[in-house]
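Peer 1: coordinates only, sequence not included:
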């Protein structure tokens, strides 16, 4: 009697699994209402357009900054421009961790 019950239970479990197992197969297309995935070429093309836009934006910003700097320098007096040039050179030298020319060091007044 026990074997009949076991077979009976297995049979119902088997039928239950067959009925509930419809959407498990990976080859079937599921009905998803989201946007479809882009192919590699489409992604590359859209990224290329975005990169070109960023590059153009960056180029315009640089040109604008250059124009602002040029205007700022142009409105200064000759002495101030000379002082700015000198201080920018020394700042670049300090930023690059380079010391002054050795002859310049020798001839500098020590205080």
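Peer 2: Thanks, I have it. A quick note: this is a predicted structure, and the numbers were derived from the prediction, not measured.

Peer 1: looking at the chain, which helix is longest?
Peer 2: In the chain, assigned by DSSP state H, the helix with the most residues is helix 40-74.

Peer 1: and the average pLDDT for the next helix or strand after that one is what?
Peer 2: Using DSSP states H and E, the helix or strand that follows helix 40-74 in sequence is helix 78-95. The average pLDDT for helix 78-95 rounds to 93.

Peer 1: off-centre distance for helix 78-95?
Peer 2: 35 Å (Cα atoms, centre = their mean, to the nearest Å).

Peer 1: and for stretch 90-101?
Peer 2: With Cα atoms, centre = their mean, you get 33 Å for stretch 90-101.

Peer 1: that one: which residues count as buried?
Peer 2: Within stretch 90-101, no residue is scored as buried using 16 or more other Cβ atoms under 10 Å. The way it works is simple: take the backbone N, C-alpha and C, and place the C-beta from them, glycine included.

Peer 1: which outside residues touch it?
Peer 2: By Cβ atoms under 8 Å, 6 or more residues apart in numbering, the surrounding residues in contact with stretch 90-101 are 105, 108.

Peer 1: report the angle between the longest helix of the chain and helix 78-95.
Peer 2: On the basis of axes from the mean of the first three to the mean of the last three Cα atoms, to 10 degrees, helix 40-74 is oriented at 130 degrees to helix 78-95.
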